[in-house]
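> Fold the following for me, if possible:
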Amino acid sequence: MIIKQVPVSGAITTNAYFYIDETTEHGFLIDAGAEAQKLMQIIAANNWHIEQILLTHGHFDHIGAVNTIRQKLKIPCSAHKNSQDYLLDTQYNLSAYFEPEIKVANFLPVVEGDIISLKENPTVSLKVIHTPGHTQDSVVYYDAANNVAFVGDTIFKNSYGRTDMPGGDTQQIIQSIKNKILILPENTVLYSGHTPPTTVKAEKQNFGL
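Down below sits the predicted model:
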């Protein structure tokens, strides 16, 4: 598998990720937060075929390039079913406080336990794990076969996501981290929205587990 982390900058710098099957060159784009042209140039330069945009949650810094990219590539966007509250409400997704305001409509809703597979190679798939706390629509996309998880803003290297914004809950995020993420195999690499990669083993130590 090819994993390419791309920092994209709007009001906040956020990690976008390409998760590409090197055999077919098909894959997913996770958290297209900003700089649509930059992301499109990377896709074109590598001749990658993006089948879906996957969102870890609906905050503005993770969704800013979604509309442009999905229109150009004619692909769907998937997010947790609770993302309706964030993607269509600029107060909830926080874009109301920045320019421009962002809304993302007509997404494919996913829930805990769903498997999202590549059409070109169904053996490549990501499992949806619902991890509320940073937001109520936060999810992790987990590939057990390759020991990787895209965790959005639920957990960072040596830290975890803020809970003082709409839908945030400190107790809930701690439970999500301990009961949903840190139970994964210790060699699982965690790719977050704003920090370098870490591992389940390292974060278990940080949480005293």
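
> Tell me if I'm right that residue 149 and residue 185 touch.
No - contact between residue 149 and residue 185 fails when scored by CB atoms under 8 Å: they sit 10.0 Å apart. C-beta here means a position set from N, CA and C on the backbone, and glycine is covered the same way.

> which of the two has more neighbours?
Comparing residue 149 with residue 185 by other CB atoms under 10 Å, the one with more neighbours is residue 149, at 27 against 11.

> tell me the SS of the residue sitting nearest the centre point of the chain?
In the chain, the residue lying closest to the centroid (CA atoms, centre = their mean) is residue 56, at 3.1 Å. What DSSP: H, G, I helix; E, B strand; the rest coil gives for residue 56 is coil.

> Please apply the same query to residue 119.
coil.

> With adjacent residues omitted, what lies nearest to the residue nearest to the centre of the chain?
Distances taken as CB to CB, 6 or more residues apart in numbering place residue 152 nearest to residue 56, at 2.7 Å, with adjacent residues excluded.

> residues contacting that neighbour?
Going by CB atoms under 8 Å, 6 or more residues apart in numbering, residue 152 touches 31, 56-57, 62, 131, 134, 138-140, 161, 192-193.

> In three-state terms, label residue 141 for me.
Applying three-state DSSP: residue 141 is strand.

> which residues touch it?
Residue 141 touches 28, 30, 54, 56, 116, 126-129, 149-150, counting by CB under 8 Å, 6+ apart.

> The residue nearest to the centre of the chain and residue 142 touch, don't they?
No - contact between residue 56 and residue 142 fails when scored by CB under 8 Å: they sit 11.5 Å apart.

> who touches both of those two?
residue 150.

> got TSV for the contacts of residue 141, with pLDDT too?
Converted to TSV, the contacts of residue 141 look like this (pLDDT from 0 to 100):
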residue	pLDDT
28	98
30	98
54	98
56	98
116	98
126	98
127	98
128	98
129	98
149	98
150	98
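
> Can you tell me which of the residues you listed is nearest residue 204?
Residue 204 lies nearest to residue 149 out of those, by CB to CB, at 13.7 Å.

> Show me what that closest one is bridged to.
residue 142, residue 190 (DSSP bridges).

> OK, contacts around it?
129, 140-143, 181, 184, 188-191.

> Quick one: the helices in the protein, in order.
Here the chain has its helices, by DSSP state H, at 36-46, 60-63, 66-73, 84-87, 170-176, 200-206.

> Buried deepest among those, which one?
Most buried of the helices of the chain by mean neighbour count (mean count of other CB atoms under 10 Å) is helix 60-63; its value is a mean of 26.
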